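**Student:** Structure for the following, please:
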Amino acid sequence: MSFQRKALFWLPLCLLIVLFGCESNHPDSAPAGVARGEYDRDEGSPDSSDESIAPQRPIVLGFSQLGTESDWRNANSLSVKEAAKEAGIELLFENAEQSQEKQFEAIRGFIDKKVDVIAVAPVVQSGWDDILKEAQLAGIPVIIVDRAVDILDASQYVTLIGSDFYEEGRKAGKYLLDKMADSPGPVGIVELKGTAGSTPSIDRGRGFHDTIGEQSKFRVLKSEYVDFTHERGREVMRSLLQELGEEIQVLYSHNDDMALGAIEAIEEYGLRPGKDMIIISVDGTRKALEKMVEGKINCVVECNPLLGPNLMQAVNELMEGRTLPKRIVTPETVFTEVTAEREVHNRKY
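**Tutor:** Now for the predicted structure:
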């Protein structure tokens, strides 16, 4: 074959090779049988319509409740449970039934389960340093709810959400000063305290005593620990009446359940609560306000148990990396005979 004919034979073939070689080296090219764009999706392109987005894991909150000693506490527990459900937070709820040791066990269980946040409503104020240190070393933030803790290192918890118990005591004392302003005295008082060593018992007592101590005519005849329960309130009040009788002109109770039990004992004794004896209580439960409407309680200082929404907001903000104030105080009021009738039907607990 002549050179010219050979050149004419190979030239088209060379052109085809060059064309295919250029196409295969183009940066936007795809393998044969794969449409442009599909290749990128197979490699994990974020534009892939087939890419599935993994659902976000819910926040897990471990909550150690101290017990079921009162209507207030039960309302507090329900508020936490309902608020967690509404916020989409997974709640691990443990009830310690008034045992600090059970609270320690619950917290260690939360640490083992690697929860995101731990919340504690402490039975008593002292003894928390070691267990809170364990949570801190595990990298789990702790929120204190309702009652305070007395610890050396305040960095072991993020914030305390709850009432100002000292101010509640002062409000109770201020009411008594106004109520007995025209009495020459002496005015005999008995005090039913809650759980020994608990924050409300300590601070409600201090606030009350600091306030009435301004006038010497007020005499506290007896102060007894009654564990915040209705039954013990009735039993202890019976004993106090047998001992002191009509020397008692005022009952100051650190919660409604104890006051309601004491009212039963006062009526059994033959006295009229709210008239023969001034009754001052703390909480603001529906049952207590109903007794106010009946004229059997004179004053109730509110202590709001509905802390669930506050707690869930704090948990969410904490998980978003926000800084929380060290103390979050809930707004509260004082109920008297005048306001009880208007408010009683609005109570959720």
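**Student:** C-alpha from now on. contacts and neighbour counts both.
**Tutor:** Noted.
**Student:** what's near enough to touch residue 144?
**Tutor:** Contacts for residue 144 (CA atoms under 8 Å, 6 or more residues apart in numbering) come out as 119-122, 157-161.
**Student:** and the residues you listed, which two are the farthest apart?
**Tutor:** 122 and 158 (14.8 Å; CA to CA).
**Student:** Settle it for me: which of those two has more neighbours?
**Tutor:** Legend: neighbour count by other CA atoms under 10 Å for residue 122 and residue 158, higher for residue 122 (25 against 19).
**Student:** show me the contacts for the more buried one.
**Tutor:** 64-66, 100, 103, 144-149.
**Student:** now swap in residue 98 and tell me
**Tutor:** Counting by CA under 8 Å, 6+ apart, residue 98 has contacts 66-67, 69, 123.
**Student:** try residue 226
**Tutor:** Taking CA under 8 Å, 6+ apart, we find residue 226 in contact with 192-195, 232-233, 236, 258.
**Student:** And those residues, which two are furthest apart?
**Tutor:** 195 and 236 (13.8 Å).
**Student:** Out of the contacts of residue 144, flag the one nearest to residue 186.
**Tutor:** For these, the nearest to residue 186 is residue 122 (37.7 Å; CA to CA).
**Student:** could the contacts of residue 144 be laid out in CSV, adding secondary structure and pLDDT?
**Tutor:** Formatted as CSV, those follow (DSSP: H, G, I helix; E, B strand; the rest coil; pLDDT from 0 to 100):
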residue, secondary structure, pLDDT
119, strand, 98
120, strand, 98
121, coil, 98
122, coil, 97
157, coil, 98
158, coil, 98
159, strand, 98
160, strand, 98
161, strand, 98
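**Student:** Could you save these as CSV and add columns showing distance to residue 171?
**Tutor:** Formatted as CSV, the contacts of residue 144 follow (distance: CA to CA, whole Å):
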residue, distance to residue 171
119, 28
120, 27
121, 24
122, 24
157, 29
158, 28
159, 25
160, 21
161, 20
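**Student:** Can you give me the buried ones in stretch 189-207?
**Tutor:** 189-196, 198-207 (16 or more other CA atoms under 10 Å).
**Student:** Which of those residues fall in strands?
**Tutor:** Judged by DSSP state E, those include 189-193 as members of strands.
**Student:** Quick one: name whatever helix or strand follows the worst-scoring helix or strand of the chain on mean pLDDT.
**Tutor:** The weakest-scoring helix or strand in the chain, judged by mean pLDDT, DSSP states H and E, is helix 38-42 (a mean of 32). Once the chain leaves helix 38-42, the next helix or strand it forms, by DSSP states H and E, is strand 60-65.
**Student:** wait, what's in contact with residue 197?
**Tutor:** 124-126.
**Student:** redo that, cut-off 6 Å
**Tutor:** residue 124 (CA atoms under 6 Å, 6 or more residues apart in numbering).
**Student:** For it, what are phi and psi?
**Tutor:** Per-residue torsions, residue 197: phi 90, psi 0 (degrees, to the nearest 10).
**Student:** So which residues of the stretch 151-300 of the chain form helices?
**Tutor:** Using DSSP state H, counting those that start in this stretch, the helices found in the stretch 151-300 of the chain span residues 165-179, 199-212, 230-244, 256-269, 286-293.
**Student:** Output the contacting helices and strands for the second one.
**Tutor:** What that stands for is helix 199-212. Packing partners of helix 199-212 (3 or more CA pairs under 6 Å, 6 or more residues apart in numbering; DSSP states H and E): helix 165-179.
**Student:** ditto for the last one
**Tutor:** The elements that helix 286-293 packs onto, with contact taken as 3+ CA pairs under 6 Å, 6+ apart, are helix 337-343.
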